[in-house]
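S.K.: Kindly return the folded structure for what I paste below:
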Amino acid sequence: MTDSTRRNVLKLLAVGLLGTVGRHEGVRQSGNRNQSSRHQKSTETTLNEAPTLALLAPLNIGSTLAGTKVLRIAGVEQGAVNIELAHPSGSQFTARIVARDNLPGAPTPIARTVHYELYLANGGKGSKPTDETQGLAVMALASIVQQNETGTPVLPLGTIRDRWRMTGCAQG
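M.R.: Down below sits the predicted model:
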């Protein structure tokens, strides 16, 4: 199976898995990023921006997304929105939403919408193979973003290359 065919199959699976997105009551919002406990960081959002919440609705802390659990949703930080998730194995990873980059030489994201690109931040700097469950979660997240982006303001995000320049990271 070619990479293109595999990616299309995975996208279809991710869309089918959107039915697993659950809503949970009691999501707390906090602008305080200096939480004293790791537990608090994993169960609270640092988000205080309604447009970001609207873009990700109905996703909440504790929601299940393609077999992973949402641990944290961050507002716009360093040009991106980061969603921390837990793999069924317990390992954690981050889905990163940035502005769409249409310029030549732009890296290929896991998923793309009209205004945004979604990447997996797994410490591989573009060279580490994507875990299938993590990739499906990022694609399911992209489906949510795509459904919501026409009815919400475009977030002030940078591209992934802008973020790399800002943070001093280089592509893998």
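
S.K.: can you give me the strands in this structure?
M.R.: For the chain, the strands defined by DSSP state E occupy 64-65, 68-77, 80-86, 92-99, 111-112, 116-121.

S.K.: now those strands in JSON lines, with mean neighbour count and distance to Leu157?
M.R.: (Glycine included, C-beta is placed from N, CA and C.) Shown next, in JSON lines, are these (neighbours: other CB atoms under 10 Å; distance: least, CB to CB, whole Å):
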{"stretch": "strand 64-65", "mean neighbour count": "22", "distance to Leu157": "20"}
{"stretch": "strand 68-77", "mean neighbour count": "20", "distance to Leu157": "6"}
{"stretch": "strand 80-86", "mean neighbour count": "22", "distance to Leu157": "6"}
{"stretch": "strand 92-99", "mean neighbour count": "22", "distance to Leu157": "4"}
{"stretch": "strand 111-112", "mean neighbour count": "20", "distance to Leu157": "13"}
{"stretch": "strand 116-121", "mean neighbour count": "22", "distance to Leu157": "7"}
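
S.K.: Throw those strands into a markdown table and include distance to Leu53, thanks.
M.R.: Below are these laid out as a markdown table (distance: least, CB to CB, whole Å):
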| stretch | distance to Leu53 |
| --- | --- |
| strand 64-65 | 15 |
| strand 68-77 | 8 |
| strand 80-86 | 10 |
| strand 92-99 | 13 |
| strand 111-112 | 20 |
| strand 116-121 | 15 |
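
S.K.: Identify the bridge partners of the nearest residue to Ile83 once chain neighbours are set aside.
M.R.: In space, and not counting its chain neighbours, Ile83 is closest to Ala95: 4.5 Å by CB to CB, 6 or more residues apart in numbering. Beta bridges link Ala95 to Ile83, Leu120 when assigned by DSSP bridges.
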